[in-house]
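Peer 1: Sequence plus predicted model, see below.
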Amino acid sequence: MTTVKEAIDTMIQSRNVDTGRVSGLSRQIIVQMNTLQASILVNFESLPGISSSGEPHLNLYLQSGAKESLRAALRAGIAKQPSLKMTINSAYRTVAQQHILYQVYQRDPKLIPLAAKPGRSNHENGLAIDVNNYNAWKPYLLAHGWHWLGGNDPVHFFEDNGRTDVDDLGVKAFQTLWNKYNPNDLMTVDGNFGAQTAAKMDRCPISGFSIVTLFRMGDNGSVITRIQQGLTHAGFPTPVNGFFDQKTKDAVIKFQSKKGLTADGDVGPMTLKALGIKL
């Protein structure tokens, strides 16, 4: 299992920075963001006129307002030049990808001369795109709400039709994911990418977190027996029969509510920890 830190070390040694190496972790972060805030990021890959390399580092997501502004610019460009395609080099960038860029910048500025701290790049807000053939698309983008960063970064366009706190939401999504998969090593979910969050990011697997084992209605076996024993011992008596029935689920919900956990009746890592059960 390659960690984010190990991947960064390899990139610096090989002189080749590739944020696509954390594509698995990035996908999980995007899903978690849309769980925390429904549809905060929407895919724009299917818009007419979009062309991309399909490389792993590309996350073709924007906020909904920016997507509609992009749709209008594409429509205008295609109306004038039907064969024109917009080649996207970069769009939404996850906090994991920004962490890579920032760490390389901090450690080897000759390799990356400038990078924003994670949680502070407008690519993390879902309001920016990098367009390879920017000269062809510049007039259409500018006419439909997009701004051009200028000669220092000519491929970069950004929009302001959306929320500006999505970068913080991306950090919260990562912090929430970490806690979900590491119930014995929790961190504060505050949207602040400080030293603690950076250290835990370094320890993450680049392919993403493993699937969590959940125990729920209909399951049976020795672990269910231990869960029922734990619930009964904690003051939420339930028949100890090794079958996860409605009475067991009701007891789990009451236990979760008392412990301040998500009261959904499913027993995952955090509920197991609260019951004192190690698998």
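Peer 2: The structure has been received and is ready for your questions.

Peer 1: Report the secondary structure state of Met252.
Peer 2: Actually, residue 252 is Val rather than Met. Three-state secondary structure (criterion: DSSP: H, G, I helix; E, B strand; the rest coil) places Val252 in helix.

Peer 1: quick one, what contacts the closest residue in space to it that isn't next to it in sequence?
Peer 2: By the measure of C-beta to C-beta, 6 or more residues apart in numbering, the closest residue to Val252 outside its immediate chain neighbours is Gly265, 5.1 Å from it. For every residue, glycine as well, the C-beta is placed using N, CA and C. With contacts defined as C-beta atoms under 8 Å, 6 or more residues apart in numbering, the neighbours of Gly265 are Arg216, Met217, Lys249, Asp250, Val252, Ile253, Gln256.

Peer 1: Also Ile112?
Peer 2: Contact partners of Ile112, counting by C-beta under 8 Å, 6+ apart, are Val17, Leu101, Val104, Tyr105.

Peer 1: element containing the third one, please.
Peer 2: This means Val104. With the criterion set as DSSP states H and E, the secondary-structure element containing Val104 is helix 95-107.

Peer 1: Let me know the next secondary structure element after that helix.
Peer 2: Following helix 95-107 in sequence order, the next helix or strand is strand 128-131 (DSSP H and E).

Peer 1: Counting by contacts, list what that following strand packs against.
Peer 2: Identification of packing neighbours for strand 128-131 by 3 or more C-beta pairs under 8 Å, 6 or more residues apart in numbering; DSSP states H and E yields strand 86-90, strand 156-159.

Peer 1: can I see the domain layout of the chain?
Peer 2: Described in terms of automatic domain parsing, the domain architecture of the chain consists of the residue ranges 4-168, 222-274.

Peer 1: what distance separates the longest one from the centre of its chain?
Peer 2: Chain-centre distance of domain 4-168: 14 Å, with C-alpha atoms, centre = their mean, to the nearest Å.

Peer 1: Check the last one too.
Peer 2: Taking the mean of its C-alpha atoms, domain 222-274 sits 30 Å from the chain's own mean (C-alpha atoms, centre = their mean).
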